[in-house]
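Student: Generate coordinates for the sequence data below:
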Amino acid sequence: MPSCQVLRLLQYETPEFDQQVLQSESIWLCLSCDTCHSRCPQTINTPKIMYFLREEAVRLGLAHPKSKDAQAFHKAFLGSIARHGRLHEIGMLMNYKAAHRPSAPGYDLGLQALSEGQTGAAAPRDRG
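Tutor: Residues are numbered from 1 along each chain as shown. This is a model prediction of the structure:
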């Protein structure tokens, strides 16, 4: 279901539709790129709504079964920001892949980049 349909179902304010939205895979497909928000004539912050719906779905145990990868990535992403104050891409990806998908393609590339000195394992420090 497209995001506009998710928002429409929420407007009905019925428990049945709320549960249908929280169990849908659609809320996990949003990339939070903010394109819809920047183009919306009503300035609806759809990514923020999708974030809230994801959190509620997990809290209530209603998350779609296919959302496990998205949940793990979301957790690694937010964990990186909480630890470093900003995103440390290589660390976040390696934590995600090590904890959730150790056999996923690309894991060895991160280790190779570390061993060849192309990137550091520690997050860069802010200069401000």
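Student: number of nearby residues for residue 79?
Tutor: For residue 79, the number of neighbouring residues by other CB atoms under 10 Å comes to 15. Bear in mind the C-beta positions are built from the backbone N, C-alpha and C, glycine included.
Student: An error on my part: the question was meant for residue 8.
Tutor: 13.
Student: all helices for this protein, in order.
Tutor: 3-11, 15-22, 35-39, 46-59, 68-84, 89-100, 107-115 (DSSP state H).
Student: Can I get those in a markdown table including distance to residue 29?
Tutor: Shown next, in a markdown table, are the helices of the chain (distance: least, CB to CB, whole Å):
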| stretch | distance to residue 29 |
| --- | --- |
| helix 3-11 | 9 |
| helix 15-22 | 13 |
| helix 35-39 | 12 |
| helix 46-59 | 9 |
| helix 68-84 | 8 |
| helix 89-100 | 18 |
| helix 107-115 | 24 |
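Student: Take those and write them to JSON lines, including distance to residue 28 and mean pLDDT.
Tutor: Putting these into JSON lines (distance: least, CB to CB, whole Å; pLDDT from 0 to 100) gives the following:
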{"stretch": "helix 3-11", "distance to residue 28": "11", "mean pLDDT": "91"}
{"stretch": "helix 15-22", "distance to residue 28": "11", "mean pLDDT": "96"}
{"stretch": "helix 35-39", "distance to residue 28": "16", "mean pLDDT": "91"}
{"stretch": "helix 46-59", "distance to residue 28": "7", "mean pLDDT": "94"}
{"stretch": "helix 68-84", "distance to residue 28": "4", "mean pLDDT": "86"}
{"stretch": "helix 89-100", "distance to residue 28": "15", "mean pLDDT": "80"}
{"stretch": "helix 107-115", "distance to residue 28": "23", "mean pLDDT": "66"}
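Student: Now stretch 7-19: buried residues?
Tutor: 9, 18 (16 or more other CB atoms under 10 Å).
Student: quick one: contacts of it?
Tutor: Identification of contacts with stretch 7-19 by CB atoms under 8 Å, 6 or more residues apart in numbering yields 1, 20-21, 44, 46, 49, 62.
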